[in-house]
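In: Here's my sequence, what's the structure:
(chains A, B, C and D)
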There are 2 protein chains.
Amino acid sequence: MERLPPLNAIKAFEVAARAGSFTLAASELGVSSAAVSQQIRNLETWFGKQLFVRSGNRIALTDAGHAIYPQTAKALGDIAAIGRRMLEGGLRTRLVVSVPFSLAELWLAPRLAMLLDAFPQMAIDVRVEDDPVDLMRQNIDLRISYGDYHYPGLKLVRLVHDDVLPVCAPEFWRRHGNGDPSLADLHESQFIHTNWGPNYASHPTWADWFAASGGSRSPDPSHGRRVGLSSLAIASARLGLGIALGQRVMARADLEAGRLIELSPVSVRLGHPYCAFMPPAKADRADVAGLVELLTKTAPATCGKVGAPR
Amino acid sequence: MERLPPLNAIKAFEVAARAGSFTLAASELGVSSAAVSQQIRNLETWFGKQLFVRSGNRIALTDAGHAIYPQTAKALGDIAAIGRRMLEGGLRTRLVVSVPFSLAELWLAPRLAMLLDAFPQMAIDVRVEDDPVDLMRQNIDLRISYGDYHYPGLKLVRLVHDDVLPVCAPEFWRRHGNGDPSLADLHESQFIHTNWGPNYASHPTWADWFAASGGSRSPDPSHGRRVGLSSLAIASARLGLGIALGQRVMARADLEAGRLIELSPVSVRLGHPYCAFMPPAKADRADVAGLVELLTKTAPATCGKVGAPR
DNA sequence: CCCCTCCATAAGTTTTTCTTGCTCAATCCT
DNA sequence: AGGATTGAGCAAGAAAAACTTATGGAGGGG
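Out: Down below sits the predicted model:
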């Protein structure tokens, strides 16, 4: 193989020639028009021939530009086809989604249910595992992860930046509550503490919530109930076992149904957003794109009063 | 046009798949093997699929890799063909060479004569002009230039880093010389001064030569003969009009024929080398490559004692 | 005739790519 | 076997490429 022309310049040329304008090409490519101008210049320098004639503020292809345009379009189209071909691969079109334990039950499951309602024949695999995950070896199409820092090189979509707030069962509050939303006088044993695990070191604790609400209490985890999973904290609160610091997105259904009540308007933002990651080539797949869109829409930004992030 | 896979990674993949080794691919691409390794990894991340299986120190294509290799090779071949097609362009194959005035007569002309001896039917245009030159607009295939700093983006080949030395006609030296190679006692009017022009500000003067030879004389240009072209300085010396500070490559023929004599082993290196520039795509053309090779071979590095560069 | 759009250019910054230096695993060769 | 060799992976820093911002100029349209 002999020396190739600069491939990114070829790409810029194809778009610019098709668009008939550097500005339009720039917006299609998602860069500034100056960048396109420079790429075209690079290519012209490489060939030693002008590809566009510039007259004032508009451009037109030269003979040479016209001559090569169809070939560039074809070659780039072929390369795009490679990407498409690669995805079909094993001609199974199962959608493989990987989630952390904490999100599987209360967050992902109801949303997948919505998707399956709309497309009942869709084949979805859900894998529950903690970061880090090797998407490549396990043929995972979409990974949901806490934080945007795992998986460099993959396409990232931020889903929701959640917050936590004190919740408990209405019955529990009737029996043990004293009507004070500051929770200042509650007995230590009434608090449910969540042990977030090593991947979630920055998750807020009861001490953080009290700090955000203006207090300075720091309930001792050794006295209250301790659970090792955030969805379990919600479930425990729902069962009337105490007051949990629950994630809003996970408690929402229970709150709306009245199975849980919000004890205070004060909440604490998590340290990181929940994100979806996928191999860039797979982002174009209809099923992946559909799921990401659904998740994006149904994982709304938190509302209500929010305390300072820790 | 949808999103394209990273094109340079595709290129690396094609070479690596063909070579069957990242190391071989690296040497073909002119980069380190680590660079290839990373590019392949990029592409695998993009697709979310492995393209090679690694076992110890060797690699093999996966199914997926095998599936896409032919398509990548084809697409890249098509792009390479674009470059080739571009060069044939107007189906005339005149070789257009552009040189500065100073090199045209005594340096380029005899070398082109050699080329035309070997290929008498070759059509060559020689254009004589000073830097900077617009290669693109004038369809110039090869530009010879003093210095390696003009024409960024073009392929550069360094031809010769020349030096200047005092030369004169044997007859002149017999009549006016005193046998002293330091030239300390020569009358100021015997010196031929070359005015190099604005593009050659760093060219050495008689003062530089005296400094390099250990003296400190600084002949006054207003007394001696002044010429505006280095080849004219040589010609003047040949005609017995004085002692010139001549460029070795330009005086060589006259020196070997005895029409000029070298007055001193001390010479001064020029500030920059002479270089050939060409659009990268044209470097592969047989005629351009042939001429560049000829020029490289017949423009040897200077030999003999050389003073310090100024 | 003025204004507005669009391209060119330069300087500075960011991002990508590459190199260097090291480690590890497999193979080769006495 | 066992040291030597070869080739790939990885991480840090260096180098190169690409991009952005800001500014200027040339046309075309109101």
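In: Report the distance from the helix or strand where A:Ile68 lies to the chain centre.
Out: Assigned by DSSP states H and E, A:Ile68 belongs to helix A:63-88. Centroid separation between helix A:63-88 and its chain, computed with C-alpha atoms, centre = their mean, to the nearest Å, is 31 Å.
In: does any bit of that helix sit next to chain B?
Out: Yes. On the criterion C-beta under 8 Å from any C-beta of the partner chain, helix A:63-88 is in touch with chain B at A:64, A:67-68, A:71-72, A:74-83, A:85-87. Every C-beta, even on glycine, is put in place using the N, C-alpha and C of the backbone.
In: same check, this time on stretch A:124-135
Out: Yes. Shown here: stretch A:124-135 in contact with chain B (C-beta under 8 Å from any C-beta) through A:Leu135.
In: If you count neighbours, what's buried in that stretch?
Out: Neighbour counts over stretch A:124-135 (16 or more other C-beta atoms under 10 Å in any protein chain shown) mark A:124, A:130-131, A:133, A:135 as buried.
In: Ok, stretch A:103-123 next?
Out: By 16+ other C-beta under 10 Å, the buried positions in stretch A:103-123 come out as A:103-108, A:111-112, A:115.
In: what's the distance between that stretch and the middle of its chain?
Out: Stretch A:103-123 sits 17 Å away from the centroid of its parent chain (C-alpha atoms, centre = their mean).
In: got the CA positions of it in PDB?
Out: This file holds the C-alpha atoms of stretch A:103-123, laid out as PDB (Å, rounded to 0.1, in the frame of the first residue of the first chain):
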ATOM      1  CA  LEU A 103     -29.800   0.100  39.900                       C
ATOM      2  CA  ALA A 104     -31.100  -3.200  38.600                       C
ATOM      3  CA  GLU A 105     -34.300  -3.600  40.500                       C
ATOM      4  CA  LEU A 106     -35.800  -0.200  41.300                       C
ATOM      5  CA  TRP A 107     -34.500   1.700  38.400                       C
ATOM      6  CA  LEU A 108     -33.800  -0.300  35.400                       C
ATOM      7  CA  ALA A 109     -36.400  -3.000  35.700                       C
ATOM      8  CA  PRO A 110     -39.500  -0.700  35.500                       C
ATOM      9  CA  ARG A 111     -38.000   1.100  32.600                       C
ATOM     10  CA  LEU A 112     -37.200  -2.100  30.700                       C
ATOM     11  CA  ALA A 113     -40.800  -3.000  31.400                       C
ATOM     12  CA  MET A 114     -41.900   0.100  29.500                       C
ATOM     13  CA  LEU A 115     -39.700  -0.900  26.600                       C
ATOM     14  CA  LEU A 116     -41.000  -4.400  26.500                       C
ATOM     15  CA  ASP A 117     -44.500  -3.100  26.600                       C
ATOM     16  CA  ALA A 118     -43.900  -1.200  23.400                       C
ATOM     17  CA  PHE A 119     -41.800  -3.900  21.800                       C
ATOM     18  CA  PRO A 120     -42.800  -7.200  23.200                       C
ATOM     19  CA  GLN A 121     -40.700  -9.300  20.900                       C
ATOM     20  CA  MET A 122     -37.500  -7.500  21.800                       C
ATOM     21  CA  ALA A 123     -34.800  -9.800  23.200                       C
END
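In: average pLDDT for that stretch?
Out: The pLDDT scores in stretch A:103-123 average 86.
In: Send over stretch A:249-266 as CSV, restricted to the C-alpha atoms.
Out: Presented in CSV, the C-alpha positions along stretch A:249-266 are these (Å, rounded to 0.1, in the frame of the first residue of the first chain):
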residue,chain,number,x,y,z
VAL,A,249,-35.1,8.1,41.3
MET,A,250,-35.3,4.8,43.2
ALA,A,251,-37.9,5.9,45.7
ARG,A,252,-40.1,7.8,43.3
ALA,A,253,-42.5,5.0,42.6
ASP,A,254,-43.0,4.3,46.3
LEU,A,255,-43.4,7.9,47.1
GLU,A,256,-46.1,8.4,44.4
ALA,A,257,-47.9,5.4,45.6
GLY,A,258,-47.8,6.5,49.2
ARG,A,259,-45.8,3.6,50.3
LEU,A,260,-43.1,6.0,51.3
ILE,A,261,-43.1,9.6,52.4
GLU,A,262,-40.6,12.3,52.0
LEU,A,263,-39.6,13.5,55.5
SER,A,264,-37.8,16.7,54.5
PRO,A,265,-37.4,18.9,51.4
VAL,A,266,-33.6,18.8,52.0
